[in-house]
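Asker: Can you look at this prediction? I've put the sequence above it.
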Amino acid sequence: MAKLSFKQLPGEQLSLFPENIYDKIPPNHPVRLIDKIVDKLDISFVLPTYRGGGNSAYPPRIMLKILFFAYFNNIYSSRKIEKALHENIYFMWIARHATPNFRTINNFRSKRLKGHIDKLFAEVVKMLNQMGYVSLKKQYVDGTVIEAAANRYTFVWRRSVEKNKAKLEEKIQAVLDEIHQQMRLDELENEGKLPEKIDTEALEKHIAKINEQLKKKPAPNHEKTLKKNIKKLKDKYVPRLNKYEEQLRTLGDRNSYSKTDPDATFMRTKDDHFGNGQLKPAYNIQVSSENQFITHYSIHQKTTDTTCLIPHLEGFKRNYGQQSREIIADAGYGSEENYEYLEAERVEAYIKYNTFEKERKRSWAKNIFHPSRLYYNAQEDYYVCPMGQKMRKIKEGKRVSAHGYVSHVSYYEAQNCRACPLKSGCFKGRGNRIIEVNHRLNQLRRKAKERLESERGLYHRRKRGVEVESVFGQLKQNNKFRRFILRGLENVEIEFGLMAIGHNLRKLMAQIAGYLPGNPIKKLENRLLKYLHEVFLIKEQLLTLTA
């Protein structure tokens, strides 16, 4: 049997000089890149958040380096970051041996960066712009839903609150009517009658007036019942009414919110813990990307993407002092209001509308009854139905969206549809057919269609699917960021801002290292090497056979 030999471990050997463990960090390691980037950032807006006095604080630049490197490595918990500062040499190096505990890390993240994370993120993007990785001249915009750190089963719905509040107001009014009858308070009714919409303040004032009248003019026959009714109003109905009013104030213009995170709205997500796409408390995240770098983000409480585009683009302009020349988005953003805004901003918008894909199908071309397929005479302002009847304008109206945008529409009516042989395929209503037309929206859609079908539009449509969707795939699938840790809108903005910075730093490191996941050039090189290797093996076999 051969003699066994094992390598001598480096730690068992004597060394003349003490070893520096930081020499083990390669010169091209990401921790060194993050250290240099943070050193170049302008963080003057963070310094005023410190009050001064008391115990000394950790330098904010060191705290930023710790957070940036933590989110770069998908470490989001402050306790796990604290643990890494004691165990990981990369964290030790970038922190310069600083060991802030989890409370200090969490306080810096939630208090020092509050209201400033967007500036910090913009500083990183401006640096990427100077390095030539992003131009900020185009934005690929899309949205995704990320679950909030809230209880999934403690919710408040507007419809339920309004229904219960209406029932409570009826009960209050019934009790007040009974009190007035028992006391015969005609003077009180004339002096100050409750409005139709009862609120807590008016009800409390009314109860106070009843008590005053009761002192002046007691009702001994009904004294026990009166006291019972007044107590019911004061102890039972007033607190319930106040609760419903607070819930409506919290809702604002939303339809729901979570009790454990009132800023979160219940939204339908594609992936949930049951796997059936049920409603969960979440936030709507809007992201702009370029070359798969995140150039802007915004957090919304709205469930639909349509109403989020304008505030999202306004935030981009506020951060960089300019607007992009081209905006590319899917059909979820193709509304009249958004088209009008982009036209006013002189932006080339490559945004589909909701029927863009349907219009490209053969079934759409065969549908001769759709209003968009009818012949329109713009000079005399009338439509012609498939039977040749003129549809004259009968009135004009307005359509007001849920967030207050006003659209102007026109109504056109056919002359006589009773004896029409095509009526069964045209419409199912009684009387003559009436169509509603938004001429301004149709005009904007025609312009959008021209852009989308142009050569530049085809290029953007092909690229849009791999731009923002790739970013969401990296964040949610590869980095496992499917649920926020912090609660509240401001804290969620901080958390996602750090996530976006971490994503951009990972992307930058991949660019510098010369490796891009899914790069077709790399794939082609790998296939070529594999092919040459197979050719070499076949050649060797042929030489062996001929020999």
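Answerer: Received the coordinates, thanks.

Asker: going forward, measure contacts and count neighbours with C-alpha atoms only.
Answerer: Fine.

Asker: continuing past the helix or strand bottoming out on mean pLDDT in the chain, what's the next helix or strand?
Answerer: In the chain, the helix or strand scored least confidently by mean pLDDT, DSSP states H and E is helix 186-191, which has a mean of 45. Using DSSP states H and E, the helix or strand that follows helix 186-191 towards the C-terminus is helix 200-216.

Asker: Just list what the helix or strand following that next one packs against, helices and strands only.
Answerer: Toward the C-terminus, helix 200-216 is succeeded by helix 223-232 as the next helix or strand (DSSP H and E). Applying 3 or more CA pairs under 8 Å, 6 or more residues apart in numbering; DSSP states H and E, one finds that helix 223-232 contacts helix 158-183.

Asker: in the helix it packs on, what's buried?
Answerer: Across helix 158-183, burial judged by 16 or more other CA atoms under 10 Å covers 158, 161, 165, 168-169, 172, 175-176, 179-180, 183.

Asker: Who are the packing partners of that helix?
Answerer: helix 223-232, helix 238-251.

Asker: try 10 Å
Answerer: Contact partners of helix 158-183 among helices and strands, from 3 or more CA pairs under 10 Å, 6 or more residues apart in numbering; DSSP states H and E: helix 186-191, helix 200-216, helix 223-232, helix 238-251, strand 256-258.

Asker: Check the offset of the helix or strand following the shortest one from the chain's centre.
Answerer: Downstream of strand 256-258, the next assigned helix or strand under DSSP H and E is strand 265-268. Put simply, strand 265-268 sits 11 Å off its chain's centre (CA atoms, centre = their mean, to the nearest Å).

Asker: same check, this time on stretch 152-167
Answerer: Counting by CA atoms, centre = their mean, stretch 152-167 comes out at 24 Å from the chain centroid.

Asker: For it, the averaged confidence score.
Answerer: The average pLDDT for stretch 152-167 rounds to 90.

Asker: List of residues touching it?
Answerer: If you take CA atoms under 10 Å, 6 or more residues apart in numbering as the criterion, stretch 152-167 is touched by 168, 171-172, 197-198, 240-245, 247-248, 250-262, 264-266, 279-282.

Asker: just to revisit the earlier point, now, of the helices and strands packed on helix 158-183, which is deepest in the fold?
Answerer: Greatest average neighbour count among these goes to strand 256-258 (a mean of 25), per mean count of other CA atoms under 10 Å.

Asker: what's the model's confidence in that one, averaged?
Answerer: 92.

Asker: helices or strands up against that strand?
Answerer: Against strand 256-258 (3+ CA pairs under 10 Å, 6+ apart) you get strand 155-157, helix 158-183, helix 238-251, strand 265-268, strand 279-290.

Asker: What lies in contact with it?
Answerer: 148-161, 247-248, 250-251, 262-267, 280-282, 301.

Asker: switch the cut-off to 8 Å
Answerer: 150-152, 154-158, 250-251, 263-266, 281 (CA atoms under 8 Å, 6 or more residues apart in numbering).

Asker: partners of it, with directions?
Answerer: strand 155-157 (antiparallel) (DSSP bridges).

Asker: What is the nearest of the buried residues of helix 158-183 to K423?
Answerer: R158 (41.5 Å; CA to CA).

Asker: That closest one and K358, how far apart?
Answerer: 35 Å (CA to CA, to the nearest Å).

Asker: Can you list the residue ranges for helices in the stretch 351-500 of the chain?
Answerer: Ranges of helices in the stretch 351-500 of the chain, per DSSP state H, counting those that start in this stretch, are 362-366, 423-426, 439-452, 455-472, 489-513.

Asker: Let's have those in JSON lines, adding mean neighbour count, distance to K205 and mean pLDDT.
Answerer: Output for those, formatted as JSON lines (neighbours: other CA atoms under 10 Å; distance: least, CA to CA, whole Å; pLDDT from 0 to 100):
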{"stretch": "helix 362-366", "mean neighbour count": "11", "distance to K205": "63", "mean pLDDT": "80"}
{"stretch": "helix 423-426", "mean neighbour count": "13", "distance to K205": "60", "mean pLDDT": "81"}
{"stretch": "helix 439-452", "mean neighbour count": "16", "distance to K205": "51", "mean pLDDT": "90"}
{"stretch": "helix 455-472", "mean neighbour count": "17", "distance to K205": "54", "mean pLDDT": "88"}
{"stretch": "helix 489-513", "mean neighbour count": "20", "distance to K205": "36", "mean pLDDT": "91"}
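
Asker: Dump the ones you listed into JSON lines; add distance to V46 as well.
Answerer: Below are the helices of the stretch 351-500 of the chain laid out as JSON lines (distance: least, CA to CA, whole Å):
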{"stretch": "helix 362-366", "distance to V46": "57"}
{"stretch": "helix 423-426", "distance to V46": "65"}
{"stretch": "helix 439-452", "distance to V46": "43"}
{"stretch": "helix 455-472", "distance to V46": "28"}
{"stretch": "helix 489-513", "distance to V46": "13"}
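
Asker: Between these, which one is closest to I328.
Answerer: Short answer: helix 455-472, nearest of those by CA to CA, at 6.9 Å.

Asker: so the closest one versus helix 489-513, what angle?
Answerer: 110 degrees (axes from the mean of the first three to the mean of the last three CA atoms, to 10 degrees).

Asker: what helices or strands is helix 455-472 leaning on?
Answerer: strand 138-147, strand 279-290, strand 326-329, helix 439-452.

Asker: could those go into CSV alongside distance to Y341?
Answerer: What follows is the helices and strands packed on helix 455-472, written out as CSV (distance: least, CA to CA, whole Å):
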stretch, distance to Y341
strand 138-147, 15
strand 279-290, 17
strand 326-329, 12
helix 439-452, 11
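
Asker: Of all the ones you listed, which one is nearest R96?
Answerer: Using CA to CA, the helices and strands packed on helix 455-472 put strand 279-290 closest to R96, at 33.6 Å.

Asker: mind listing what K280 touches?
Answerer: 147, 152, 265-269, 272.

Asker: Could you work out the most separated pair of these?
Answerer: Largest pairwise distance in those, by CA to CA, is 15.2 Å, between T265 and D272.

Asker: higher neighbour count, these two?
Answerer: Each of T265 and D272 has its neighbours counted (other CA atoms under 10 Å); T265 has more, 28 against 14.

Asker: I figured the more buried one hits P281, correct?
Answerer: Yes - T265 sits in contact with P281 when judged by CA atoms under 8 Å, with a separation of 5.2 Å.

Asker: what about N107, is that helix, strand or coil?
Answerer: helix (DSSP: H, G, I helix; E, B strand; the rest coil).

Asker: And for D42?
Answerer: Three-state assignment for D42 (three-state DSSP): coil.

Asker: burial count for it?
Answerer: Neighbour tally, D42, other CA under 10 Å: 13.

Asker: does the closest residue to it other than its chain neighbours belong to a helix or a strand, and which?
Answerer: Distances taken as CA to CA, 6 or more residues apart in numbering place E123 nearest to D42, at 7.3 Å, with adjacent residues excluded. Taking DSSP H and E as the criterion, E123 maps to helix 117-131.
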